[in-house]
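**Q** need coordinates for the following:
(chains A and B)
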Amino acid sequence: MSAKDRILAKLRGSLAGTTPVADDYDVALLTEPWRYAPADRIARLRTMLEAVHGETRLTTQATWPQQVLEALATRNIGELLISPATPHGQQLAGHVALTGAGLRLKAYDRPVEEWKDELFFRTPASLTGTLGGIAATGSLVVWPTPQEPRLLSLVPPFHIALLKASEVRDNLFEMMQAQNWSGGLPTNALLVSGPSKTADIQQTLAYGAHGPKELLVLIVEDA
Amino acid sequence: MSAMTELPAVPIAFKRNAREALADPQLRRNFRGAMDFLMDKRRVQFPDGDELERLRAFGNRVRARALSKLPELLERLDANLSRNGVKVHWAETVDEANAIVHRIVERHAAKKVIKGKSMVSEEMEMNHYLGERGVDCLESDMGEFIVQLREEKPSHIIMPAIHLNVGQVASLFHDKLEVDYTEDVDRLIQIGRETLRRNFFEADIGVSGVNFAIAETGTLLLVENEGNGRMSTTVPPVHIAVTGIEKVVENLRDVVPLLSLLTRSATGQAITTYVNMISGPRKADELDGPQEVHLVLLDNGRSQAFADGELRQTLNCIRCGACMNHCPVYTRIGGHAYGTVYPGPIGKIITPHMLGLDTTRDLPTASSMCGACGEVCPVKIPIPALLRRLREEAVRPPQAEPHHMRGQGTKYSKKEAMVWKAWRKMNTSPALYRALTFAGTRLSALMPSRIGPWTEHRSAPKPAARTLHELAREHLGEQ
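**A** Okay, the predicted model is just below:
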């Protein structure tokens, strides 16, 4: 018998004659305390994100690329990691070309093994899309893809995330239902709520532990 | 299997440890401050007492349901993870679990392992095991990193370095990392970040724990704030997750109440910075993520707790640490005094299943039974009732059936059992009770002034001149 068989046999023996506990899932308890009027939903998300040092800006489909340039300029960052294969990556590239801004766009277009050192030590900022936001906790839903890999939102010290206002939902339960998460999850699915942080030294909060030191969320109001 | 050859258990020196901790004012200040901080943070997260109570009841039912179908859910988890490309391993003991990890390490000729936070790997003493075999294990959670630099163990399951203050960390970094002394926490964290960053991509293998394993989708869910968990599970070519067999939940939606209870109870956060859901290794068209993902499911005494309906509730635990944050004993002696991986109230009820009641004989009695742990537990584990139950198991005759626990009867003494038998006889027989209380009151002068441990810190009781029954009779007669 394998360890698996022995463990399962022991557990089965202990349950002999018992009936499984019924599933009396309480949807109301997980949704009702966390509902927001449409006018308050974005405000709630922003408040929650800003409480954990996330920065948020309201913007539009036409003007967000300019916001990206400004945010980088204020920080004296001349280089941004993007995915050229996404619509937003292309829009930003077009904008940069048009305005002749001195921003160098770098593409995450090859396996990480081929450029680990550069990604870890010479890539100051990145841009990713998101699948949506959760107002109750101020969270971004990020599902990495072949175009926007996992480390794109993790390694560079400054992470800019695009969030469509229409994709902000009240709470996690409704988000899971609306996007049918249980129907199939990607290799890696994430909720991101602010820049990385720690309070491991005498409960003193410090940002920029191992992930991004700064997170800027651009909320695209007409998308 | 090896029961015949086992050496006699060496009990943990809890009392000595506790005495030492109580005499360390620095340690006591550090814990007092930290526990007050964590209690306040939690309180702020639950402004609505009604919502809290309903959510706790819900969390309890979600865990109870998962345990009521545990074998079936573990098989479903195994099947779904395997379908997703994750290799699932099962281990009855920590030795088996370590051997599994070591085989993976050897197959990849790995020299360096980077670890996210994992209490089960502490349970396995994985760092030590692999270290002896020439493999470097580096902790990447800031607290764990600090504790590892000091060659210590975590003193809290959520905040491993909670026993230290900033000055102690500053000196440590100055001595071990050869940096300028600074008490600026931001600077200290940046030093940690810089030191660890290179290690994430130099490591051959990343090791992590698991907060919830979701049977329905074959998903491992991890919560964290630092990003080291994401790094450890994404950057190295191989990811090994280790977890206890009780961590499984039935459906993805079951994590919604548990996640809310976990982060709010643990650190008083609405949510952690990252909720990391891993459902498989890197796919052919993906550019990062590990090529291999393994899950090691560890029993290590959990099936013993599972075998008894009452003790099974121990396995509801979602490892939030709220019970220790609210425990007057833990606050005063800190986590190291327990001498176990899991300290505090939850440690006192889970460790006896892992190490045996004989090794942990002082833990069930290291409680004032104030009940705070049971009141704050987000999944309603009746910790005080379970402590009482373990005390009972510790004094049941070693051979008595049914035999619920390894180390049963470790405190059993024939003499004590007879004293209690006599005590019961006296209290349930009116004639005997009257005779003995009469004798006790009349012969009170013979009462010794020293009666064992009782009089170490207290004066000896003095029987009254007449019994309560006599006084009552007299009082009622006067009316």
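**Q** could you pull out the strands for the stretch 1-150 of chain B?
**A** Using DSSP state E, counting those that start in this stretch, the strands found in the stretch 1-150 of chain B span residues B:86-91, B:112-115, B:136-139.
**Q** with mean neighbour count and distance to chain A added, can I get these in JSON lines?
**A** For the C-beta atoms, the positions are set from N, CA and C on the backbone; glycine is no exception. Putting these into JSON lines (neighbours: other C-beta atoms under 10 Å in any protein chain shown; distance: least, C-beta to the nearest C-beta, whole Å) gives the following:
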{"stretch": "strand B:86-91", "mean neighbour count": "21", "distance to chain A": "4"}
{"stretch": "strand B:112-115", "mean neighbour count": "24", "distance to chain A": "11"}
{"stretch": "strand B:136-139", "mean neighbour count": "20", "distance to chain A": "11"}
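**Q** would you convert the ones you listed into a markdown table that also reports mean pLDDT?
**A** Converted to a markdown table, the strands of the stretch 1-150 of chain B look like this (pLDDT from 0 to 100):
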| stretch | mean pLDDT |
| --- | --- |
| strand B:86-91 | 98 |
| strand B:112-115 | 97 |
| strand B:136-139 | 96 |
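**Q** got a list of what the closest residue to chain B within chain A touches?
**A** Going by C-beta to the nearest C-beta, chain B is nearest to A:G211 of chain A, at 2.7 Å. Counting by C-beta atoms under 8 Å, 6 or more residues apart in numbering or on different chains, A:G211 makes contact with A:154-155, A:159, A:195-196, B:226-227, B:230-231, B:273-274.
**Q** low pLDDT regions in chain A?
**A** Applying pLDDT under 70 to chain A picks out no residues at all.
**Q** so where do the helices sit in it?
**A** Using DSSP state H, the helices of chain A run over A:3-15, A:27-31, A:38-51, A:64-74, A:87-99, A:116-121, A:172-178.
**Q** could you export those helices as CSV, including mean neighbour count and distance to B:G143?
**A** What follows is the helices of chain A, written out as CSV (neighbours: other C-beta atoms under 10 Å in any protein chain shown; distance: least, C-beta to C-beta, whole Å):
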stretch, mean neighbour count, distance to B:G143
helix A:3-15, 17, 32
helix A:27-31, 15, 31
helix A:38-51, 17, 23
helix A:64-74, 18, 32
helix A:87-99, 15, 37
helix A:116-121, 16, 23
helix A:172-178, 19, 27
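**Q** turn those helices into CSV, columns for distance to chain B.
**A** Output for these, formatted as CSV (distance: least, C-beta to the nearest C-beta, whole Å):
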stretch, distance to chain B
helix A:3-15, 4
helix A:27-31, 5
helix A:38-51, 7
helix A:64-74, 20
helix A:87-99, 14
helix A:116-121, 5
helix A:172-178, 5
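**Q** put together TSV for these, with distance to B:K421 on each row.
**A** Converted to TSV, these look like this (distance: least, C-beta to C-beta, whole Å):
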stretch	distance to B:K421
helix A:3-15	32
helix A:27-31	49
helix A:38-51	61
helix A:64-74	78
helix A:87-99	79
helix A:116-121	70
helix A:172-178	56
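**Q** quick one: which of those helices is nearest B:V329?
**A** Among the helices of chain A, the nearest to B:V329 by C-beta to C-beta is helix A:3-15 (31.0 Å).
**Q** what about the residue of chain B found nearest chain A, distance to A:E221?
**A** As assessed by C-beta to the nearest C-beta, chain A sits closest to B:G227 within chain B, at 2.7 Å. Distance, B:G227 to A:E221, using C-beta to C-beta, to the nearest Å: 29 Å.
**Q** comparing those two, which residue is more hemmed in?
**A** B:G227 (29 against 13; other C-beta atoms under 10 Å in any protein chain shown).
**Q** give the contact list for residue 219.
**A** Here I'm looking at chain A. Residues near A:I219 by C-beta under 8 Å, 6+ apart: A:42, A:45-46, A:56-59, A:133, A:163, A:165, A:168.
**Q** ah, no, chain B please
**A** Under the criterion of C-beta under 8 Å, 6+ apart, the neighbours of B:T219 are A:185, B:213, B:252, B:277-279.
**Q** swap in 6 Å and give it another go.
**A** Each residue near B:T219 by C-beta atoms under 6 Å, 6 or more residues apart in numbering or on different chains is listed here: A:185, B:277, B:279.
**Q** show me the strands in the stretch 201-350 of chain B, by range?
**A** B:205-208, B:212-214, B:219-224, B:238-244, B:248-249, B:274-278, B:292-298.
**Q** would you reformat the contacts of A:I219 as CSV and include distance to B:P343?
**A** Compiled in CSV, the contacts of A:I219 are given as follows (distance: C-beta to C-beta, whole Å):
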residue, distance to B:P343
A:I42, 43
A:L45, 38
A:R46, 39
A:T56, 40
A:R57, 45
A:L58, 47
A:T59, 49
A:G133, 38
A:L163, 41
A:A165, 46
A:V168, 41
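**Q** thinking again about what came up before, I'd assumed A:K197 was in contact with the residue of chain B closest to chain A.
**A** No: the criterion here is C-beta atoms under 6 Å, and B:G227 misses it with A:K197 at 8.8 Å.
**Q** mind listing the shared neighbours of these two?
**A** Joint contacts of B:G227 and A:K197 (C-beta under 6 Å, 6+ apart) are A:A209.
**Q** now for the nearest residue to the residue of chain A closest to chain B once chain neighbours are set aside: which residues touch it?
**A** Distance criterion C-beta to C-beta, 6 or more residues apart in numbering or on different chains; nearest residue to A:G211, sequence neighbours excluded, is B:G227 at 2.7 Å. Taking C-beta under 6 Å, 6+ apart as the criterion, B:G227 is in contact with A:196, A:209-211.
**Q** B:I157 too?
**A** Contact analysis of B:I157 by C-beta under 6 Å, 6+ apart lists B:119, B:319, B:321.
**Q** got a quick PyMOL command for the buried subset of those?
**A** Burial among the contacts of B:I157 is assessed by 16 or more other C-beta atoms under 10 Å in any protein chain shown; the matching PyMOL selection reads:
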select buried, chain B and resi 119+319+321
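**Q** would CSV of the contacts of B:I157 with distance to B:L468 be doable?
**A** Putting those into CSV (distance: C-beta to C-beta, whole Å) gives the following:
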residue, distance to B:L468
B:M119, 51
B:R319, 48
B:G321, 46
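**Q** from the contacts of B:I157, which land in helices?
**A** Among the contacts of B:I157, DSSP H puts B:M119 in helices.
**Q** pipe the contacts of B:I157 into a markdown table and attach pLDDT and distance to B:S459 per row.
**A** Below are those laid out as a markdown table (pLDDT from 0 to 100; distance: C-beta to C-beta, whole Å):
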| residue | pLDDT | distance to B:S459 |
| --- | --- | --- |
| B:M119 | 96 | 44 |
| B:R319 | 98 | 43 |
| B:G321 | 97 | 39 |
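**Q** dump the contacts of B:I157 into a markdown table; add distance to chain A as well.
**A** Converted to a markdown table, these look like this (distance: C-beta to the nearest C-beta, whole Å):
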| residue | distance to chain A |
| --- | --- |
| B:M119 | 15 |
| B:R319 | 17 |
| B:G321 | 13 |
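**Q** could you single out the nearest of the contacts of B:I157 to B:G356?
**A** Minimum distance to B:G356 across the contacts of B:I157 is 19.3 Å, recorded for B:M119 (C-beta to C-beta).
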